[in-house]
Structure formats: C-alpha cells, structure tokens
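> only geometry, no sequence info:
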C-alpha cells in the first residue's frame, strides 16, 4: 500500500463527501452544514453514536463503514466551508469549530453519548470537544492524530537532537500555509487551512494548553503510525525550501514525543489503549480500514463496562 508524504498528507484528505448522493444539510446559526448518517434507525436509547471529525481540508471515513455492524450508527459531516457546507467567517478558533458541531448535533436531535473519531488535526478537535462536553462523550478514537500537546521547548529540543534546522511546529505552519494558498484544491479546503493558520497565529494549539484532564470514564483509543517511509515529495520539499530536516531522526524524535504525550493523556482512563503501527501511512483508515473499524468497535463495546 502506498505511503503518503508529509507534504501530501493534507491534500490526501481532500473531500469527496460533496459528491455523495446520501448527504443532507441543516441550517446551523444561519449557515448550511452538510452531513450524512448511517444506521440511525437501529440505534437504541442510551447507545453511543459515532461522530467523525476529518483532518485538515476535509475527507471521508467511508472506507471504514462497510466493516462496521449495522447495530452501530454514526454521522459524518463537513465543517463550515468544506464540500457542501457553507462558509462562516465568524468561525476562527478551534473552540468555535467544536461548538458548531455540537450545535448541529443538537439541531438534528442526535443525543449523546458520542463516540468521536478524529483523524490528523481532527484528533485535537475531538479532544477539545471532550473537554467542553465531558459528560456527553463515551469514547474517543484518535487515528494518527496531530500532536497538539507538543511544547515549544520540546519542539526545539527534538529539532536539535535530530540534527535538523526546522521543527515540527514550524513545518506544520508551513504546510498549512501552503495548503491555504494551493490553487489546485477547492476554495473550502483553502479556507479550512487559512482558519487553522489564523488559530495558530496566537501560538501552536494555544487553546489546548490548559484543558482539564480527560474524563476518566471516556474510553480512549489512540492509533499512531511511526517510522514512516520517506517519500520523494518530502525530500523535494526539504531541498526546495531549505528546511534542513534529517527525516529519519526527525520523525523518531517527534514520534517518541507524540507517543509519550498521548500515553500521558490516557494514563488514568479506564478501558483505554494506545496502538503503534510501524511503517503505516498517515491515512491509516484508508490503508487498512478494517483494522481501524475493529478498534472503533472495541471502543464502542467498552461503553458501560
């Protein structure tokens, strides 16, 4: 299976959701939001429902769905500005993204508990959701999440240890900025990146620095790919932008920190686990959707146990 490069992982998520004939829309605070649901008719009162949060620029979790039993229900949606969802310039922070999702769920009368599944930058978003609405969340599944817990000091130390000139926080901003200016992607994708870039202008994931501890009752599954294959576009970006990244050592340092951070996040939580997948791509749910589906099912089954 092809691995996807650091440079391309954002574009890898480009939305194909907009072409889905099963998508519906709802007005949330005066703006149309696109979504689609599955197996709602089979959901019983009090059972969790899956809520999917895509990475930067959108995306789909459709490859996972055929591997889920029809007893599990869920909803996919597109953030404001992505796909068929209407842009809203009032949304500038990650907190507002999360609050808008919550408002949509309420308008659709989709009641908790929610089992949130977040890929890439969707990982930080579901963590923020769980901080804002802890009693409404039954579980979290992080699929190769962005490390929103990386500190400025850690970033600098990892850069030095890897013998590199550019750290993860810097390259994150470079890639988001590149996507926000990429004329080969949709306006909505560029807008999603531009909003994230504005949020980062106040500091790398500054909204997350003082979050309360994760509710101990929230079952949490963290899936991390590491020792990724270094693709040609990575090397070209490194050379063309004069980034001075020693990729193998660089990834090792930052992945070690990411594993440490997420291990600390879940250390007091019941029914939680962290899974390490060597040489997997960033898009784990594309590369092996059945595997990710199984982890989601396991998390779902831990509810009330």
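Sure, I can see it. A quick note: this is a predicted structure, and the numbers were derived from the prediction, not measured.
> so residue 275 sits right up against residue 220, yeah?
No. In this structure residue 275 lies outside contact range of residue 220 using CB atoms under 8 Å: 11.4 Å. (Each C-beta comes from the backbone N, C-alpha and C, glycine too.)
> and those two? which has more neighbours close in?
Each of residue 275 and residue 220 had its neighbours counted (other CB atoms under 10 Å), and the higher figure belongs to residue 220 (26 against 14).
> Model confidence score at that one, please.
For residue 220, the pLDDT comes out at 98.
> List phi and psi for it.
Per-residue torsions, residue 220: phi -130, psi 130 (degrees, to the nearest 10).
> Quick one: residues contacting it.
Shown in contact with residue 220 (CB atoms under 8 Å, 6 or more residues apart in numbering): 139-142, 214, 265-266, 269, 272-273, 299.
> any idea which element residue 198 lies in?
Here residue 198, judged by DSSP states H and E, is contained in helix 187-200.
> Next, the buried residues of that helix.
The neighbour-count check on helix 187-200 (16 or more other CB atoms under 10 Å) flags 188-197, 199-200 as buried.
> again with stretch 279-286
280-286.
> could you dump those residues to CSV with distance to residue 45 and pLDDT?
Shown next, in CSV, are the buried residues of stretch 279-286 (distance: CB to CB, whole Å; pLDDT from 0 to 100):
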residue, distance to residue 45, pLDDT
280, 37, 92
281, 39, 88
282, 37, 89
283, 35, 89
284, 32, 93
285, 29, 94
286, 34, 92
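> Just those residues: which are in helices?
284-286 (DSSP state H).
> Give the burial count for residue 88, as a bare number.
20.
> whoops, I mixed them up, residue 27
The burial count for residue 27: 11, using other CB under 10 Å.
> so where do the strands sit in the stretch 51-200 of the chain?
74-77, 114-119, 137-143 (DSSP state E, counting those that start in this stretch).
> Please identify which of the ones you listed is closest to residue 103.
Ranking the strands of the stretch 51-200 of the chain by proximity to residue 103 (CB to CB) places strand 74-77 first, at 11.5 Å.
> Which residue comes closest to the residue most central in space within the chain once chain neighbours are left out?
What sits nearest the mean C-alpha location of the chain, by CA atoms, centre = their mean, is residue 122, with 2.0 Å. Excluding the flanking residues, the one nearest residue 122 by CB to CB, 6 or more residues apart in numbering is residue 53, at 3.6 Å.
> Just confirm the one you found contacts residue 104, I think it does.
No. With contact defined as CB under 8 Å, residue 53 does not count as touching residue 104 (12.0 Å).
> In terms of neighbours, single out the busier of these two.
residue 53 (26 against 21).
> so what's that one up against?
101, 116-119, 122-123, 125-126, 129 are the contacts of residue 53 under CB under 8 Å, 6+ apart.
> From the structure, what's the count of residues near residue 62?
17.
> returning to that earlier point: make TSV out of the ones in helices among the buried residues of stretch 279-286 and add distance to residue 66.
Below are those laid out as TSV (distance: CB to CB, whole Å):
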residue	distance to residue 66
284	16
285	12
286	13
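> Do a quick rundown of the helices in the stretch 151-300 of the chain.
152-161, 168-180, 187-200, 232-240, 247-266, 284-287, 289-301 (DSSP state H, counting those that start in this stretch).
> got JSON lines for those helices, with distance to residue 226 too?
Below are the helices of the stretch 151-300 of the chain laid out as JSON lines (distance: least, CB to CB, whole Å):
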{"stretch": "helix 152-161", "distance to residue 226": "14"}
{"stretch": "helix 168-180", "distance to residue 226": "14"}
{"stretch": "helix 187-200", "distance to residue 226": "24"}
{"stretch": "helix 232-240", "distance to residue 226": "15"}
{"stretch": "helix 247-266", "distance to residue 226": "4"}
{"stretch": "helix 284-287", "distance to residue 226": "11"}
{"stretch": "helix 289-301", "distance to residue 226": "15"}
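> so which of those helices gets nearest residue 88?
helix 187-200 (9.6 Å).
> the inter-axis angle of the closest one versus helix 168-180?
Using axes from the mean of the first three to the mean of the last three CA atoms, to 10 degrees, the direction of helix 187-200 lies 150 degrees away from that of helix 168-180.
> what's the average pLDDT for helix 187-200?
Per-region confidence: helix 187-200 scores 88 on mean pLDDT.
> for it, the distance to its chain's centre please.
On the basis of CA atoms, centre = their mean, to the nearest Å, helix 187-200 sits 15 Å off its chain's mean C-alpha point.
> can you offset everything so residue one is 38?
Got it, the first residue is 38 from now on, which makes the last one we talked about helix 224-237.
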